[in-house]
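Undergrad: sequence and predicted structure are below.
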Amino acid sequence: MTDLWLMDLGSSRVKWQVRNESGLVLERGAWSVGVAPVLPKTSPAAVWLSRVGAPEREAVLRRAIRNLHGLVPIHSVRAQADGPGGLRLGYDCRQLGADRYCALLGVLGQTRAPAVVVDAGTAVTIDILGADGLHLGGYILPGFHLGLAAVSELLPSELRDQVAPVLEQAPSIANTARCNPGQDTGQSLVRGWMCGLAGALQGLGASSDGGVGGDVREWWLTGGDSPWLAALLAGPCRIERDLIFDGLWFCAQSGVGDEGEQK
């Protein structure tokens, strides 16, 4: 048995993949935070995971895995000052989330070119990677759905009820609409956040080109909102939906990860 489980414990969902010894994805799945885990059916040789949020979430997952499969090795990936693939952090590595760290490793597993790495999920993170593997820093913004929910809470209850159907359709609107002005409050909210996020990414990423580090950078996007964001950005973008998993796989191949407690 050589299959590995790769698990991404995000802010709102837990996603997983099963990969064989060659890195081929055999199975994938997900479940929402707060519901019972929906684990792969196959037994793992080992588990590699990335977690954001409270450590109790990881503890619950560890117990669920070991109740089914015994004391299989479970490795938690944490940011390191000198990571695999030449990734280097010139600051307190505890200040970089495991998800961002894995996304950077996912890029370094494929190229050594300087990069802007965007993960567009519950939050939107933008990380600037130098050609020498040095992480130059990044930015964190509220994600598309998080921003819409926060703004809609400020509306009067009657208006909030009126715009609710439009906000529920926000994902489909984002995938088909462009930055034309909205003609009602719901459309204005959706398109405002769409264009605002795209504009923020464009400005923050562009400010690093020829500025921080002096290199023109490739753009890498991952996360659920990356397809429509990429369509609104000027210039080519590479969409890699498995970037965090690619980073976890890179860690597994490099043997980098803390096995943690055996409880």
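TA: Structure's in. What do you need? Numbers count the residues shown, from 1 in each chain.
Undergrad: what are the ranges of the strands in the protein?
TA: Assigned by DSSP state E, the chain shows strands spanning 4-9, 13-19, 25-32, 46-51, 74-76, 88-89, 115-120, 123-129, 134-142, 218-222, 238-239.
Undergrad: for residue 158, grab the count of nearby residues.
TA: Counted with other Cβ atoms under 10 Å, the neighbours of residue 158 add up to 7. (Each C-beta comes from the backbone N, C-alpha and C, glycine too.)
Undergrad: please report how far it lies from residue 185.
TA: For residue 158, the distance to residue 185 (Cβ to Cβ, to the nearest Å) stands at 11 Å.
Undergrad: repeat for residue 79
TA: With Cβ to Cβ as the criterion, residue 79 and residue 185 are 41 Å apart.
Undergrad: those two: which is more packed in?
TA: More neighbours surround residue 79 than the other of residue 79 and residue 185, with 20 against 16 (other Cβ under 10 Å).
Undergrad: any stretches of the stretch 51-200 of the chain with poor pLDDT?
TA: Counting by pLDDT under 70, the stretch 51-200 of the chain shows low-confidence ranges at 174-178.
Undergrad: wait, isn't residue 85 in contact with residue 133?
TA: Yes. At 6.8 Å, residue 85 and residue 133 qualify as touching, with contact defined as Cβ atoms under 8 Å.
Undergrad: overlap in contacts of those two?
TA: residue 108 (Cβ atoms under 8 Å, 6 or more residues apart in numbering).
Undergrad: how many residues are close by the closest residue to residue 40 other than its chain neighbours?
TA: In space, and not counting its chain neighbours, residue 40 is closest to residue 18: 5.0 Å by Cβ to Cβ, 6 or more residues apart in numbering. Using other Cβ under 10 Å, the number of residues around residue 18 comes to 18.
Undergrad: cool, residue 157 as well?
TA: 7.
Undergrad: what of residue 52?
TA: 16.
Undergrad: quick one: contacts for it?
TA: Contacts of residue 52 (Cβ under 8 Å, 6+ apart): 9, 10, 11, 97, 98, 99.
Undergrad: now with 10 Å, please.
TA: Contacts for residue 52 (Cβ atoms under 10 Å, 6 or more residues apart in numbering) come out as 8, 9, 10, 11, 97, 98, 99, 100, 121, 122, 123.
Undergrad: what about the residue lying farthest from the centre of the chain, distance to residue 28?
TA: Distance from the C-alpha centroid of the chain, by Cα atoms, centre = their mean, peaks at residue 158 (34.9 Å). Computed as Cβ to Cβ, the residue 158 to residue 28 distance reads 42 Å.
Undergrad: what do you get for residue 217?
TA: With Cβ to Cβ as the criterion, residue 217 and residue 28 are 29 Å apart.
Undergrad: of those two, which one has the most company?
TA: residue 217 (22 against 14).
Undergrad: the more buried one touches residue 126, doesn't it?
TA: No. In this structure residue 217 lies outside contact range of residue 126 using Cβ atoms under 10 Å: 11.0 Å.
Undergrad: and the helices in the chain?
TA: For the chain, the helices defined by DSSP state H occupy 55-69, 98-108, 144-152, 157-168, 170-176, 185-208, 226-232, 243-254.
Undergrad: give me the angle between the second one and strand 4-9.
TA: Inter-element angle recorded for helix 98-108 and strand 4-9: 130 degrees (by axes from the mean of the first three to the mean of the last three Cα atoms, to 10 degrees).
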